[in-house]
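[1] Output the structure for:
(one chain, ligands or ions: 1)
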Amino acid sequence: MGSNPTFPKVTFERGPLRGDVRVAGDKSISHRALIVAAAARGTSRISALNRGADVLATLAAVGALGASVDDRGDAVLVSGGTLHDPRETIDARNSGTTTRLLLGLCAGHGLNARFDGDASLRRRPMERVARPLRELGAEIETTDGRLPATVRGIVAPAGGTYALEIASAQVKSAILLANLDARGTVRVTGDRFSRDHTERMLRRFGRTIRFDGTTVEMEPGRLAAQDVRVPGDLSGAAFFLAGAAMTPGSDIVVREVGVNGTRTGFVDALRAMGADVEMGGERDLDGEPVADVRARYRPLHGTTLDGELVVRSIDEITLLACVAAHATGTTFIRDAADLRGKESDRLATIAETLRACGVAVEERPDGLDVTGGGARAPERTLATHDDHRIAMAIAALAAPVGPHRIDDEACIAVSFPDFVPLWHAAQRSD
Ligand code: S3P
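    The predicted structure follows:
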């Protein structure tokens, strides 16, 4: 794929990042807004929705499952509460969140559906979500643990306690969504740090959900339609903040970004590396904390990223490996084996990327050792492996020492369709 001349290519140049930006809406929150609105009676109005291909896959899927969807451009109106079996296979495209959350929704709403996706999604593990949904009583068939998968759902599950095998917001969310019509209290244990956007979205739609630091507890109840404005995506802002933190002359502010503590591991990690990152104007936006986040250049040093910090920055670990490449000393990344099951094997793909840029990297089963100081522009086009976050991490990697050319710009549209023009504008502004 990397050498296919028909893929659109882009070159990321060297240069500081400056100015004020607004990034795409939060992808995780956008999926949840659509799905919870589809389950709720009445019409919800969702604004600042992420318009990437993953969220559009969820938008199409909730329509296929019986929600009525009216896209007004500045907002999407979703009328829900009367779900039915889809007529055709649900195509989740590249989106793990679409697949896993909707498998959950179907499993507890008596829905029968078949799910499939692109080549990357077909490689990703689905048993992690199938197992707890079978516990609930649904029949789930996977293809050797992967897609295509079918679900035969049940109605009004009993409730009860579910112990998660891994810290995964997608699995936790699938269980909660499967139990929206449960007759009794539902408890989910075994995951203390993964993102809690589903819990917050359900609360906004009127459900009683508690979290005492170890157990999520959801009471039976109804959902009532709501208006939701989606915060900017910290995972999209992260490329601008990281690029600025490591490139002399940079000073950038990203406006109205989600700063939910289950997502800010990236900011904590940057600060642990000595970065100058400030949050201002913290406020609530429809149940999620947001702020304006500013990053300026300062020399950085290596650190250790492991445990809870990795869970709270799971989608930014590859980017942090790029920051480590421009810091002094060695950064040790551990407890990150789950990255091997993302859109690409992200430990392997970012190690390959960094090595092509002259960086010393040791790959471990659950992490990387990245020694900074040697990063330079690569001699060849870099492969994105069809992974949007690898493509955008390369933009940040290039800011201090580019140019870096990537083999495929198109994959960026999975989460952040306007990324390239916004990036180029931030490198031009004074
Ligand atoms: C997501 C959860 C994370 C993350 C993914 C989005 C979500 O996956 O990597 O990009 O929206 O719930 P896991 O829950 O599998 O760790």
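
[2] interface residues of the stretch 101-250 of the chain facing the ligand?
    168, 169, 170, 173, 194, 195 (C-beta under 6 Å from any ligand atom). Glycine gets a C-beta too; all of them are placed from N, C-alpha and C.

[3] can you pick the most crowded of those?
    Neighbour tally across these (other C-beta atoms under 10 Å): the maximum, 29 neighbours, falls on residue 173.

[4] what's whatever helix or strand it lives in in contact with?
    Here residue 173, judged by DSSP states H and E, is contained in helix 169-178. Contacts with helix 169-178, where a contact means C-beta atoms under 8 Å, 6 or more residues apart in numbering, come from 28, 32, 35-36, 39, 96-97, 100-101, 103-105, 107-108, 128-129, 132-133, 136, 138, 157, 162, 164, 186, 188, 191, 194-199, 202, 209, 216, 218, 262.

[5] After it, which helix or strand is next?
    Next along the chain from helix 169-178, counting by DSSP H and E, comes strand 186-189.

[6] Run the chain-centre distance for that following strand.
    23 Å (C-alpha atoms, centre = their mean, to the nearest Å).

[7] need the strands for the stretch 301-430 of the chain, in chain order.
    304-305, 330-333, 360-364, 367-371, 404-406 (DSSP state E, counting those that start in this stretch).

[8] buried sites along the last one?
    Of the residues in strand 404-406, those with enough neighbours to count as buried (16 or more other C-beta atoms under 10 Å) are 404, 405, 406.

[9] What mean pLDDT does the helix holding residue 173 get?
    Here helix 169-178 scores 98 as its mean pLDDT.

[10] For the stretch 251-400 of the chain, just list every one of the helices.
    265-272, 307-311, 317-325, 346-356, 388-401 (DSSP state H, counting those that start in this stretch).

[11] picking that back up, out of the buried residues of strand 404-406, which is nearest to the ligand?
    Closest to the ligand out of the buried residues of strand 404-406 is residue 406 (20.1 Å), distances taken as C-beta to the nearest ligand atom.

[12] so what's that closest one up against?
    Residue 406 neighbours (C-beta under 8 Å, 6+ apart): 9, 10, 11, 12, 381, 382, 383, 384, 391, 394.

[13] switch the cut-off to 6 Å
    Contact analysis of residue 406 by C-beta atoms under 6 Å, 6 or more residues apart in numbering lists 382, 384, 391, 394.

[14] Please apply the same query to residue 70.
    Residue 70 neighbours (C-beta under 6 Å, 6+ apart): residue 77.

[15] name the element it belongs to?
    With DSSP H and E as criterion, residue 70 is part of strand 68-71.

[16] Quickly list the domain ranges of the protein.
    For the chain, automatic domain parsing gives the domain ranges 10-25+231-428, 27-229.

[17] First-to-last residue distance for the last one?
    I take that to be domain 27-229. Taking C-alpha to C-alpha, to the nearest Å, domain 27-229 runs 12 Å from one end to the other.

[18] Now whatever residue of the stretch 1-150 of the chain ends up closest to the ligand: closest residue in space that isn't a chain neighbour?
    The ligand sits closest to residue 28 of the stretch 1-150 of the chain, with a gap of 3.3 Å, by C-beta to the nearest ligand atom. Leaving aside its chain neighbours, residue 28 sits nearest to residue 197 (5.1 Å; criterion: C-beta to C-beta, 6 or more residues apart in numbering).

[19] Now for that neighbour: which residues touch it?
    Taking C-beta under 6 Å, 6+ apart, one finds 28, 29, 32 in contact with residue 197.

[20] Most neighbours out of the residues you listed, which is it?
    Busiest of the contacts of residue 197 [other C-beta under 10 Å] is residue 29, holding 32 neighbours.

[21] Would you check that residue 228 makes contact with residue 32?
    No: Residue 228 sits out of contact with residue 32 when judged by C-beta atoms under 6 Å, with a separation of 9.0 Å.

[22] list the contacts for residue 198?
    Residue 198 touches 32, 173, 176, counting by C-beta under 6 Å, 6+ apart.
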